[in-house]
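A.B. asks: Got a predicted structure plus its sequence, pasted below:
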Amino acid sequence: MTDDDGGIVDPERLGARLGAQSEREAREFEEVAAQLGAAAEPVQPPAELKAALFAKLGSTPQLPADTAQEAAGRPEQPAPTPAEYTAPPPAGLPAQTPAEHRANRRWFQRPGAILAAAAAAAILFVAGAFVGVGLAGTDSYQREQATALAAINAAPDVQRATSAVSGGGTATLVWSAQQGRSAVIATDLPKLADDKTYELWYIHDGTATPAGTMDSTGAVHSWRVLKGEMTPGVTVGMTVEPDGGSQKPTTPPILAITS
């Protein structure tokens, strides 16, 4: 992988491991991964998990380490050379040329494939064990939201703007004019009463169009990909509304960011 000027980028970086082919892609991949990781709710692993792990450890035979004398008496073996396996084409189909093979490999390393997978789940280290959890839920709607957020962040024209939220917290608007989509990523929004919710709006020429609601439970991090099409120059607003949302704002906006 090369940087924007043609230099070599550290292959051990997270962005490189996700398949980035340039410094810019590496930065974008790492930024999206951080945002998606922040959106994941911590999960306490069940006590049975720890018990099962230790039971496996106790029943797994341990082999003794080689002694120095044994190691010295063995001839040095050459390190195996990594080889890439390519499955033969199905009968009746022509074999891929080297160029086609490289193109197919690169296709499966593009941001859409990599980031959609990253959006589907996060691996968190919780209470001494690795636990896989779905981002902001596990139903299909939340997976679609996470995939859409990843796609916006991976867009070549992605832009961001951050503003304080009246009453507490901050919010970042992330948008892509090419995709016509946007998302709001909020931090430290105050908890609302059970009969209230945060609602997002597209505001243009004095008209507010409802664009979805956000978590109002007081979570440290929350985010939402807005419903509907975003047009350049539109303002994204947030208000406090009755639970379930409103068709028109009923309170003054606590956030307004112009794209």
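C.D. replies: Sure thing, it's come through.

A.B. asks: in the stretch 51-200 of the chain, which ranges drop under the pLDDT threshold?
C.D. replies: Applying pLDDT under 70 to the stretch 51-200 of the chain picks out residues 51-139.

A.B. asks: Let's see that with 50 instead.
C.D. replies: Within the stretch 51-200 of the chain, the segments meeting pLDDT under 50 span 68, 80, 82-94, 96, 99-138.

A.B. asks: which residues does residue 159 form a beta bridge with?
C.D. replies: Counting by DSSP bridges, residue 159 is bridged to residue 175.

A.B. asks: How about the contacts made by it?
C.D. replies: 174, 175, 176, 177, 259 (C-beta atoms under 8 Å, 6 or more residues apart in numbering). Heads up, the C-betas are built off the backbone N, CA and C, glycines and all.

A.B. asks: biggest separation within those residues, which pair?
C.D. replies: 174 and 177 (11.9 Å; C-beta to C-beta).

A.B. asks: More neighbours: these two, which one.
C.D. replies: Neighbours per residue, other C-beta atoms under 10 Å: of residue 174 and residue 177, the larger number sits with residue 174, 24 against 16.

A.B. asks: May I have stretch 221-235 as PDB, with CA atoms only?
C.D. replies: Output in PDB follows, covering the C-alpha atoms of stretch 221-235 (Å, rounded to 0.1, in the frame of the first residue of the first chain):
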ATOM      1  CA  HIS A 221     -22.700   7.900  21.800                       C
ATOM      2  CA  SER A 222     -25.700   7.700  19.500                       C
ATOM      3  CA  TRP A 223     -26.100   8.100  15.700                       C
ATOM      4  CA  ARG A 224     -28.700   8.000  13.000                       C
ATOM      5  CA  VAL A 225     -28.600   8.000   9.200                       C
ATOM      6  CA  LEU A 226     -31.300  10.400   8.200                       C
ATOM      7  CA  LYS A 227     -34.400   9.400   6.100                       C
ATOM      8  CA  GLY A 228     -34.900  11.000   2.800                       C
ATOM      9  CA  GLU A 229     -32.600  12.700   0.300                       C
ATOM     10  CA  MET A 230     -30.100  15.400   1.400                       C
ATOM     11  CA  THR A 231     -29.600  18.300  -1.000                       C
ATOM     12  CA  PRO A 232     -26.600  20.600  -0.900                       C
ATOM     13  CA  GLY A 233     -27.100  23.600   1.300                       C
ATOM     14  CA  VAL A 234     -29.900  22.000   3.400                       C
ATOM     15  CA  THR A 235     -29.900  22.500   7.200                       C
END
